[in-house]
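Colleague: after the sequence you'll find the predicted model.
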Amino acid sequence: MTSRIVTAMAALVLGAMICPCIGSQPAQACNKTAGCAMDTLEESHDMMRDGRMSEAMAAGRANVEAFRRLREAEEGMATLPARRTVAAPR
């Protein structure tokens, strides 16, 4: 009997937490005549004109190079021979 009451109360609390979230978010659909694809295309062209695209591509290249250096360093560390720190018993 107690477990049914606890289960019912948990369901009510969970339902009360979920209900306010439903429908509170704005629609994400694009309702423009030209469509969202044109917005993306225009933003891409604007980025090319003002140099943001070059900066983003350079940052991306630097990130890839840093990742490759890190991976090489990790692979180099994995192949190092293990050192003994405690003397073996005689």
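Modeller: Happy to help now that I have it.
Colleague: how many neighbours does Ile5 have?
Modeller: By the criterion of other C-beta atoms under 10 Å, Ile5 has 9 neighbours. From N, CA and C alone the C-beta is placed, and that goes for glycine too.
Colleague: for the longest helix seen in the chain, packing partners?
Modeller: Among the elements of the chain assigned as helix by DSSP state H, the one spanning the most residues is helix 52-78. Contacts defined by 3 or more C-beta pairs under 8 Å, 6 or more residues apart in numbering; DSSP states H and E place helix 52-78 against helix 36-50.
Colleague: and the helix it packs on, what's its mean pLDDT?
Modeller: Mean pLDDT, helix 36-50: 86.
Colleague: angle of that helix against helix 52-78?
Modeller: Our comparison of helix 36-50 with helix 52-78, counting by axes from the mean of the first three to the mean of the last three C-alpha atoms, to 10 degrees, yields an angle of 90 degrees.
Colleague: going by contacts, tell me the helices and strands next to helix 36-50.
Modeller: helix 52-78.
Colleague: list the buried residues for the helix it packs on?
Modeller: Buried residues in helix 52-78, defined by neighbour count with 16 or more other C-beta atoms under 10 Å: none.
Colleague: list the residue ranges of the protein that fall below the pLDDT cut-off.
Modeller: Applying pLDDT under 70 to the predicted model, the residue ranges of the chain that meet it are 1, 12-35, 80-90.
Colleague: the same query, at a cut-off of 80, please.
Modeller: Within the chain, the ranges that satisfy pLDDT under 80 run 1-4, 6, 8-38, 78-90.
Colleague: could you find the closest non-adjacent residue to Ala56?
Modeller: Counting by C-beta to C-beta, 6 or more residues apart in numbering, Ala56 lies nearest to Met47, which is 7.4 Å off, once chain neighbours are set aside.
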